[in-house]
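>>> No letters, just coordinates:
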């Protein structure tokens with residue numbers, strides 16, 4: 001079955017006159033919020049680690065696909081078939097972006113913490129885990145036990161590679 005979902009002009013990347021890609025626009029970038037003084041100022045989101053803002057291009061594509069949304073891999077109806085096809089195309093796009101083989105699994109999770117917890121529960125017992133002591137607290141929580149080795153903070157990314165190579 002071939003299913004094509006039309007793309008609108010709003011979902012294509014904007015290219016500046018100098019042929020350099022413009023920075024993607026963020027939904028809510030011009031949001032103005034009230035202060036206790038009653039004044040309104042432009043909002044500055046300083047917590048992107050917890051919840052990254054949505055890009056306008058992503059919102060536009062979601063808006064296009066949303067009317068077709070139905071259960072993935074669970075329905076025989078047309079909308080379910082469309083949603084399943086789009087979902088599997090997303091896996092293919094991720095594989096291609098990462099240079100992975102077609103036989104490699106792509107697992108979508110809700111967030112990084114969810115992905116790390118899933119990975120931690122999936123590893124065989126006694127698997128050695130290496131962590132830098134600068135890793136975020138949420139990244140450290142799933143890794144407890146005698147097979148976890150914490151490494152000192154490297155001075156540079158190159159030093160991190162060398163330290164991992166030495167320990168491995």
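Noted; the coordinates are in hand. Keep in mind that what you see is a predicted model, and the values were worked out from it rather than measured.
>>> Please point out which parts of stretch 112-124 sit buried.
By 16 or more other Cβ atoms under 10 Å, the buried positions in stretch 112-124 come out as residue 116. The way it works is simple: take the backbone N, C-alpha and C, and place the C-beta from them, glycine included.
>>> Distance from the chain centre to that stretch, please.
Centroid separation for stretch 112-124 versus its chain: 15 Å, with Cα atoms, centre = their mean, to the nearest Å.
>>> In three-state terms, label residue 83 for me.
Per DSSP: H, G, I helix; E, B strand; the rest coil, the local secondary structure of residue 83 is helix.
>>> Output the below-cut-off pLDDT ranges for this structure.
Scanning the chain for pLDDT under 70 picks out 1-19, 49-50.
>>> in it, which spans are helices?
Along the chain, counting by DSSP state H, helices occupy 56-65, 78-98, 112-122, 137-140, 157-167.
>>> what's the angle between the second one and helix 56-65?
Note on geometry: by axes from the mean of the first three to the mean of the last three Cα atoms, to 10 degrees, helix 78-98 and helix 56-65 are set 150 degrees apart in direction.
>>> Contacts only, for the residue in the chain sticking out farthest from the centre.
Distance from the C-alpha centroid of the chain peaks at residue 37, with 37.2 Å (Cα atoms, centre = their mean). With contact set as Cβ atoms under 8 Å, 6 or more residues apart in numbering, residue 37 has no partners.
>>> mind checking how far it is from residue 30?
20 Å (Cβ to Cβ, to the nearest Å).
>>> Next one: the spatially most central residue of the chain from residue 97, what distance?
Nearest to the mean C-alpha position of the chain, by Cα atoms, centre = their mean, lies residue 111 at 6.9 Å. The gap separating residue 111 from residue 97 is 19 Å, by Cβ to Cβ.
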